[in-house]
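**Student:** what's the 3D shape of this:
(chains A, B, C and D)
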Number of protein chains: 2
Amino acid sequence: MERDRRRVSEAVIRRLPKYYRYLMELKKNGVQRVSSSELGQKMGLTASQIRQDFNCFGGFGQQGYGYNVAELCEEFKKILGLDRQYNMIVVGAGNLGQALANYSGFEKEGFFIKAMFDVNPRLIGMSIRGIEIYDVDNLRSYVASQHIDIGVICTPKEKAQEVAELLVSCGIKYIWNFAPIDVVLPDDVIVENVHLSDSLYILCYRINAKS
Amino acid sequence: MERDRRRVSEAVIRRLPKYYRYLMELKKNGVQRVSSSELGQKMGLTASQIRQDFNCFGGFGQQGYGYNVAELCEEFKKILGLDRQYNMIVVGAGNLGQALANYSGFEKEGFFIKAMFDVNPRLIGMSIRGIEIYDVDNLRSYVASQHIDIGVICTPKEKAQEVAELLVSCGIKYIWNFAPIDVVLPDDVIVENVHLSDSLYILCYRINAKS
DNA sequence: TAGATTGTTAATCGATTAACAATC
DNA sequence: TAGATTGTTAATCGATTAACAATC
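**Tutor:** Residues are numbered from 1 along each chain as shown, chains lettered A, B, ... in the order given. From the prediction side, this is the model:
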């Protein structure tokens, strides 16, 4: 039960969503219990690693039995912070921003896009699934009047740093960045990047490294 | 110059796109040379690590001088396999698939979406920036008649495994997967995943771990 | 109780950092 | 040549794996 008995390493953090996905799948399939070795087999990890990882957060298992799937799902939901709602705004209502707004899947998990912002007059005033696109000039006053947790950057890379700074100056401390650039921000701001092109480059590297 | 003097670790591979991004930026800004310590400062890495990483692929530097930026860009382009063209098809012409088709940036880097496929009759027959959406039933004959390198999966997660197997059965060996699931395929198939929800979960973890 | 499987400590492995001779 | 910085070897650090006592 004791959290933070040791520092949770970056490697462990990167595996957490994968654990969550596999455990939810097991739960959906009506599986009641799972051992570290069964789960390891499925996920391509060693049983040892799984037990080490889980014990960063607490002793969730029972000797001789394994882990209760439903219980473990709940624990992971808490660990990942998925037991609450998050309000988001998206800056940049182009292709990607619109795709995110159109995707209804995030809402089921508690992530709500409350508004979008852009500089393009053709987009301003439009709405997508009820999500309005506002002029980015209205961002500051919008954020002042609403509770927004996460700022999502979907602008071209040239604007990303500027937008990130704007968001931070409005008090937003958590940023999900889709622009292919590393934004530089104060240490207390948390940035999570989705670098599509990096991912594609890695695929290409492997294509060529194989031969 | 000798490649593969040692096996290139996963950790190094994940850093390659970042090196490429920073080096291209330096080149764009007209910077001629860079030392490992300068680059390290910018990227938040140690000079030692950069020299180790680079020397997985060859001795690109010159003692007392550092690295020639333009030369290093060329080397990284080759290492990543960005010195050629890739033809892609997208399966799943929903939000995300359409966003990828609308994004013209990939073409500038040599990635061409040649066609899209879907099961939805409302989408079949449409075209996006000249990219046609075909019935997925026509995928096999299409791939047989065209040279396609990469298959991109933008379907809901329920269909992803099936689509992946279809692509592989058509001879496609390289897959860029956006569905939030780990597809299981033969060992000689290379899969690169973009798990948006995993990324969002990690952001949430950090939001909650902070407090 | 006996069998199974955890939680945890110890051993191993690999990645990062430090140091320095080589050399431009 | 002297100064700078690489390429590379050695030392350190951290993550993964193995082992096993604890215990359900």
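**Student:** Ignoring the adjacent residues along the chain, who's closest to residue A:111?
**Tutor:** residue A:86 (5.1 Å; CB to CB, 6 or more residues apart in numbering or on different chains). Any C-beta I mention is one placed from the backbone N, CA and C, and that applies to glycine too.
**Student:** Need phi/psi at the one you found.
**Tutor:** Main-chain dihedrals, residue A:86, degrees, to the nearest 10: phi -120, psi 130.
**Student:** Count the residues that sit near it.
**Tutor:** Residue A:86 has 20 neighbours, counted by other CB atoms under 10 Å in any protein chain shown.
**Student:** Over to the one 5 residues further on?
**Tutor:** For residue A:91, the neighbour count with other CB under 10 Å is 26.
**Student:** ok, it - contacts?
**Tutor:** Contact analysis of residue A:91 by CB atoms under 8 Å, 6 or more residues apart in numbering or on different chains lists A:97, A:116-118, A:136, A:139, A:151-155, A:163, A:166-167.
**Student:** quick one: which of these sit in helices?
**Tutor:** A:97, A:139, A:163, A:166-167 (DSSP state H).
**Student:** buried set for stretch A:145-163?
**Tutor:** A:148-155, A:157, A:159-161, A:163 (16 or more other CB atoms under 10 Å in any protein chain shown).
**Student:** Would you check which pair of those lies furthest apart?
**Tutor:** A:149 and A:157 (24.0 Å; CB to CB).
**Student:** quick one: low-confidence ranges for chain A?
**Tutor:** A:1-6, A:211 (pLDDT under 70).
**Student:** Output those of the buried residues of stretch A:145-163 also counted as contacts of chain B.
**Tutor:** A:149-150 (CB under 8 Å from any CB of the partner chain).
**Student:** Mind checking which of the buried residues of stretch A:145-163 are in strands?
**Tutor:** A:150-153 (DSSP state E).
**Student:** Quick check: can you list the domain ranges of chain A?
**Tutor:** Per the record, chain A has its domains at A:10-80, A:86-198, by automatic domain parsing.
**Student:** which stretch among these comes nearest DNA strand D?
**Tutor:** Relative to DNA strand D, the nearest member of the domains of chain A by CB to the nearest atom of the strand is domain A:10-80, separated by 2.5 Å.
**Student:** What ranges does chain A have for its strands?
**Tutor:** Using DSSP E, the strands of chain A run over A:33-34, A:67-68, A:86-91, A:111-118, A:127-128, A:131-135, A:150-153, A:174-177, A:190-193.
**Student:** Show me what the first one is packed up against.
**Tutor:** Packing contacts for strand A:33-34, counted by 3 or more CB pairs under 8 Å, 6 or more residues apart in numbering or on different chains; DSSP states H and E, involve strand A:67-68, helix A:69-80.
**Student:** One more: the fifth one?
**Tutor:** Judged by 3+ CB pairs under 8 Å, 6+ apart, strand A:127-128 is in contact with helix A:95-102.
**Student:** what do you get for the fourth one?
**Tutor:** With contacts taken as 3+ CB pairs under 8 Å, 6+ apart, strand A:111-118 sits against strand A:86-91, helix A:95-102, strand A:131-135, helix A:139-145.
**Student:** sorry, back to before: tell me which of the helices and strands packed on strand A:33-34 sits nearest to chain B.
**Tutor:** helix A:69-80 (5.0 Å; CB to the nearest CB).
**Student:** Outside of the helix ranked longest in chain A itself, list whatever touches it.
**Tutor:** Taking DSSP H as the criterion, chain A has its longest helix at helix A:10-28. Contact partners of helix A:10-28, identified using CB under 8 Å, 6+ apart, comprise A:34, A:39, A:42-43, A:45, A:50, A:53, A:56, A:69-70, A:72-73, A:76-77, A:79-80, A:82, B:180-182, B:195, B:197-198, B:201-202, B:205-206.
**Student:** And stretch A:141-155, by the same measure?
**Tutor:** A:86-94, A:96-97, A:100, A:111, A:113-115, A:117, A:134, A:160, A:163-164, A:167, A:170-172, A:174-179, A:183, B:203, B:207.
**Student:** which among these end up buried?
**Tutor:** Counted by 16+ other CB under 10 Å, the contacts of stretch A:141-155 give A:86, A:88-94, A:96-97, A:100, A:111, A:113-115, A:117, A:134, A:160, A:163-164, A:167, A:170, A:172, A:174-179, A:183, B:203, B:207 as buried.
**Student:** from those, which are also near DNA strand C?
**Tutor:** Among these, no residue lies close to DNA strand C (CB under 7 Å from any atom of the strand).
**Student:** and residue A:93, what does it touch?
**Tutor:** Contacts of residue A:93 by CB under 8 Å, 6+ apart are A:101, A:116-118, A:120, A:123, A:126, A:128, A:133, A:154.
**Student:** Quick one, which of those are buried?
**Tutor:** Neighbour counting by 16+ other CB under 10 Å classes A:101, A:116-118, A:123, A:128, A:133, A:154 among the contacts of residue A:93 as buried.
**Student:** Which of those residues sits closest to residue A:191?
**Tutor:** Taking those together and measuring to residue A:191 by CB to CB, the closest member is residue A:154, at 14.1 Å.
**Student:** Which phi and psi values does the closest one adopt?
**Tutor:** phi -120, psi 30.
**Student:** how distant is stretch A:28-44 from the center of its chain?
**Tutor:** 24 Å (CA atoms, centre = their mean, to the nearest Å).
**Student:** List the buried residues in it.
**Tutor:** Applying a neighbour-count criterion of 16+ other CB under 10 Å, one finds A:33-36, A:38-40, A:43 buried in stretch A:28-44.
**Student:** Also near DNA strand C: which of those, exactly?
**Tutor:** Subset of the buried residues of stretch A:28-44 in contact with DNA strand C: A:35-36, counting by CB under 7 Å from any atom of the strand.
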